[in-house]
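**Student:** predicted model and sequence follow; I will ask about them next.
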Amino acid sequence: MKVLCTSKAEPCRLYGALDMLGTLNDLLMDTKSDYKDQMEQFLYYYVTPEFCHSQGYIRAKAYWVFRLFNEIKFKHEEMILASLFHAVVSSLIYDPDLPVRAAAATSLHMLLQGQNLDSFNYIESEIEQIVLQLLKIIYETEEIGLVCFLQNILSLYCEKLKPIIIDICQNLAKTFKKITETNNERSRNNNANVTVLSILSTIESLLISFENETEIIVMLNPVVVDIVTYIFLQNIKDYYDNACSLIYNLTNSKITPEMWKLLHLFYMVFQRDGFEYFADTIYILRNFVTVDTSAFLLDERNMLTILDMCKTILTGNAEENQHYSVVQLLGTIVNHCLERIDQHIPFIVELILNRLFQEIEKSELRTACQQIIKNVYDYNPGLLSEIMDKLKIPTLCKEILYVEISCM
């Protein structure tokens, strides 16, 4: 204590005193300790001044001590709290040493968690600089705790951060690639995986936050498409679910030219990996059909791609719930495109009839198949009859089917 109270203590002695103080934190913060009530004032007057020490290792050690006493709630004078936030934010933004900036970022997170929500007012004026600096630190340290801190800030200041939202997403994408590349080299590090998943979750949160702002979503498109393309081309299956979630959120309201390229990338992945991940893409494929049906039909390859995937599922060894998903997708195609896809109707009807005449355990699948046949019948009964004649469907089966769909 004496060393910490000395204004010109030698750095080595000061370091030792800070180390000792941190080591004793459990004893000092014990409920029976005579010192617990004094630690708030002690930290403020004798530890936080070292945030500005000339030696970087002393600054980092001071933050280490500060974090160890994270149970303390600074509840005295507002001036003290404001001064404390100013010191920590200044270190985070301006300190020349990365370890000190990282320590300051962690301390700021801790400090904000320990106070009430009003405490965020102390950082609001510099929130852009704080976020940009956080992104740099996350890139260098891959620290999961700081990604969580970034998520908290984004959830509170999404609107205020709108001017730099593209920078945020680009920086997160850059960090994602760096971690996944090095992670491949060191063969799957669990901590790195958790950090990557948090980064992808943060990007998805941004997409959800701005889902009604088409201009921003369009600007985010290339960044997200690049991430998804990387995941699929590099065959990083740990992140397939996240990649699909990103694309689903992007395709909810508008399909850009970049997005159409992803449809064919999905097909490539499907051909490579089979239908193991088809369920993750079904809602995205539905978006491709429904969000911009005219653009979907403009390129014949789009329809052929989806129909081939559907055929592979329905004629393969997939489970019945996957068959149901495919039939729902085919139903969506029929509902949205019926009058413009006469050339594909025979193929779709054949797929559905073949599945309908096989064993079906769940009534939902049977009903979905019958509904498609009914829709085609309502559209053009002659076309349906012609298709069934070509498929040589027995007369009795046709009659039973007509009776069933007439009751729907």
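**Tutor:** Looks like it came in fine. Numbers count the residues shown, from 1 in each chain.
**Student:** who touches the residue sitting nearest the centre point of the chain in this structure?
**Tutor:** Nearest residue to the geometric centre of the chain (C-alpha atoms, centre = their mean): Ser201, 2.4 Å. Ser201 makes contacts with 151, 242, as judged by C-beta atoms under 8 Å, 6 or more residues apart in numbering. C-beta: built from backbone N, CA, C; applies to glycine.
**Student:** distance between the host helix or strand of it and the chain's centre?
**Tutor:** In the assignment (DSSP states H and E), Ser201 maps to helix 190-209. Its chain's C-alpha centre and that of helix 190-209 lie 4 Å apart, by C-alpha atoms, centre = their mean, to the nearest Å.
**Student:** could you dump it to PDB, C-alpha only?
**Tutor:** The C-alpha coordinates for helix 190-209 follow below in PDB (Å, rounded to 0.1, in the frame of the first residue of the first chain):
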ATOM      1  CA  ASN A 190     -12.300 -24.600 -29.900                       C
ATOM      2  CA  ASN A 191     -11.800 -21.100 -28.600                       C
ATOM      3  CA  ALA A 192     -11.300 -19.800 -32.200                       C
ATOM      4  CA  ASN A 193     -14.500 -21.600 -33.200                       C
ATOM      5  CA  VAL A 194     -16.500 -19.900 -30.500                       C
ATOM      6  CA  THR A 195     -15.100 -16.500 -31.500                       C
ATOM      7  CA  VAL A 196     -16.000 -17.200 -35.200                       C
ATOM      8  CA  LEU A 197     -19.500 -18.200 -34.300                       C
ATOM      9  CA  SER A 198     -19.900 -15.000 -32.200                       C
ATOM     10  CA  ILE A 199     -18.700 -12.900 -35.200                       C
ATOM     11  CA  LEU A 200     -21.200 -14.600 -37.600                       C
ATOM     12  CA  SER A 201     -23.900 -14.100 -35.000                       C
ATOM     13  CA  THR A 202     -23.000 -10.400 -34.700                       C
ATOM     14  CA  ILE A 203     -23.200 -10.000 -38.500                       C
ATOM     15  CA  GLU A 204     -26.600 -11.700 -38.500                       C
ATOM     16  CA  SER A 205     -27.800  -9.300 -35.800                       C
ATOM     17  CA  LEU A 206     -26.800  -6.400 -38.000                       C
ATOM     18  CA  LEU A 207     -28.800  -7.800 -40.900                       C
ATOM     19  CA  ILE A 208     -31.900  -8.300 -38.600                       C
ATOM     20  CA  SER A 209     -31.500  -4.800 -37.200                       C
END
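**Student:** need the next SSE after it, C-terminal direction.
**Tutor:** helix 214-233.
**Student:** just the mean pLDDT for that following helix, thanks.
**Tutor:** Throughout helix 214-233, pLDDT has a mean value of 93.
**Student:** helices or strands up against that helix?
**Tutor:** For helix 214-233, the packing partners by 3 or more C-beta pairs under 8 Å, 6 or more residues apart in numbering; DSSP states H and E come out as helix 165-185, helix 190-209, helix 240-250, helix 257-273.
**Student:** at 6 Å instead, please
**Tutor:** Using 3 or more C-beta pairs under 6 Å, 6 or more residues apart in numbering; DSSP states H and E as the contact test, the elements touching helix 214-233 are helix 165-185, helix 240-250, helix 257-273.
**Student:** do a quick rundown of the helices in the stretch 1-150 of the chain.
**Tutor:** With DSSP state H, counting those that start in this stretch as the criterion, the stretch 1-150 of the chain has helices at 11-23, 25-28, 39-42, 56-68, 78-94, 98-114, 127-141, 144-157.
**Student:** Asn212 is nearest to which of the ones you listed?
**Tutor:** helix 144-157 (16.6 Å; C-beta to C-beta).
**Student:** so which elements touch the closest one?
**Tutor:** Short answer (3+ C-beta pairs under 6 Å, 6+ apart): helix 144-157 packs on helix 127-141, helix 190-209.
**Student:** 10 Å - rerun?
**Tutor:** helix 98-114, helix 127-141, helix 165-185, helix 190-209 (3 or more C-beta pairs under 10 Å, 6 or more residues apart in numbering; DSSP states H and E).
**Student:** can you redo those helices as a markdown table with mean pLDDT and distance to Leu262?
**Tutor:** Output for those, formatted as a markdown table (pLDDT from 0 to 100; distance: least, C-beta to C-beta, whole Å):
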| stretch | mean pLDDT | distance to Leu262 |
| --- | --- | --- |
| helix 98-114 | 90 | 35 |
| helix 127-141 | 96 | 26 |
| helix 165-185 | 90 | 16 |
| helix 190-209 | 92 | 15 |
